[in-house]
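1. The amino acid sequence is not available; the structure is as follows:
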């Protein structure tokens, strides 16, 4: 009888310990962003500060090569939330190998659409580059290989009748490194896909005279991809930029994966939209995050946790 009672007490104690451990287990939220001089990173840091309010959350922010790397990391379960360009998300879901995806990434789920990236082609004023055609024979950086930015560059150049072979030299470098090479007269131009007012271009425009190269609407139409829409870099976005610049806009999407708990994604979605001013303080691009746009034109399914929030606030029927 004593042995039976003792075994019962031990079992009860073990069950209590296990349940306590389960309750105390931390919720890891690793946010995959981009380069530290871009827009994804500061907004990711601001999001992590909000997600710290989730009970038991252990948040971290990881600087990456952005869209393509982020989506592959999510598929492998090496992150819980990531920033990515809409066209890269579509390519990941469909497994477009040439875009950096060896197989369809079917674990991906959308938290929601955010702000637009704008393709910003900036050249040193003394390079004499004023149009896309002027890039022929010039030295240009187009982002890391098979990054979201570089995929944008390929699509735009193809629509404009250009190839990398037309350029004098093509470098595959992130934002900050590209700008430093232009400052040092080792590059003539860089194509960057980012939110407006991004730090690296602000730095360049405040250091030396630059020219912003227009991407005409006719070129945008020839791309033939719904993820690419005509956009504008408003006058005054950067020092010395005194006129609007026609360009391409691509929606950014916050992406998670199917193994992240519904309640965690619900809380992340809720905290983001209830604290948009804090995100805007981190970077002005976040001012364009709108609840009414969050569920539009998503190329992958919504995560059930995000869907629950959007239905709760009337943003989704």
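-> Looks like it came in fine. Keep in mind the model is a prediction, meaning the values are calculated, not measured.
2. following the biggest strand by length in the chain, which helix or strand comes up?
-> For the chain, the strand with the greatest residue count under DSSP state E is strand 108-124. The C-terminal neighbour of strand 108-124 among helices and strands, as given by DSSP states H and E, is strand 139-141.
3. can you list contacts of that next one?
-> With contacts defined as C-beta atoms under 8 Å, 6 or more residues apart in numbering, strand 139-141 is touched by 167-173, 177-178, 181, 186-191. Bear in mind the C-beta positions are built from the backbone N, C-alpha and C, glycine included.
4. quick revisit: mind checking the pLDDT average for the longest strand of the chain?
-> Per-residue pLDDT over strand 108-124 has a mean of 97.
5. how about the helices of the protein, start to end?
-> Along the chain, counting by DSSP state H, helices occupy 2-24, 40-51, 67-75, 86-94, 148-159, 175-183, 199-207, 217-223, 262-274, 276-282, 304-312.
6. out of these, nearest to residue 110?
-> helix 304-312 (6.8 Å; C-beta to C-beta).
7. What residues of that closest one count as buried?
-> Under the neighbour-count criterion of 16 or more other C-beta atoms under 10 Å, helix 304-312 has 305, 306, 307, 308, 309, 310 buried.
8. which of the residues you listed lies closest to residue 85?
-> residue 306 (18.6 Å).
9. Settle this for me: that closest one is touching residue 264, isn't it.
-> No: in this structure, residue 306 is not within contact of residue 264 by C-beta atoms under 8 Å, at 10.6 Å.
10. I'd like the buried residues of helix 304-312 written out as TSV, with distance to residue 286 added.
-> Shown next, in TSV, are the buried residues of helix 304-312 (distance: C-beta to C-beta, whole Å):
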residue	distance to residue 286
305	21
306	18
307	22
308	23
309	18
310	19
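11. taking these as a set, which two sit the farthest apart in space?
-> 305 and 310 (10.1 Å).
12. who touches both of the two?
-> With C-beta under 8 Å, 6+ apart as the test, residue 305 and residue 310 both reach residue 269.
13. neighbours around the closest residue to residue 84 other than its chain neighbours, how many?
-> Among residues not flanking residue 84 along the chain, residue 67 sits closest, at 4.2 Å (C-beta to C-beta, 6 or more residues apart in numbering). Counted with other C-beta atoms under 10 Å, residues neighbouring residue 67 total 38.
14. got it, and the one 10 residues further on?
-> Counted with other C-beta under 10 Å, the burial measure for residue 77 works out to 11 neighbours.
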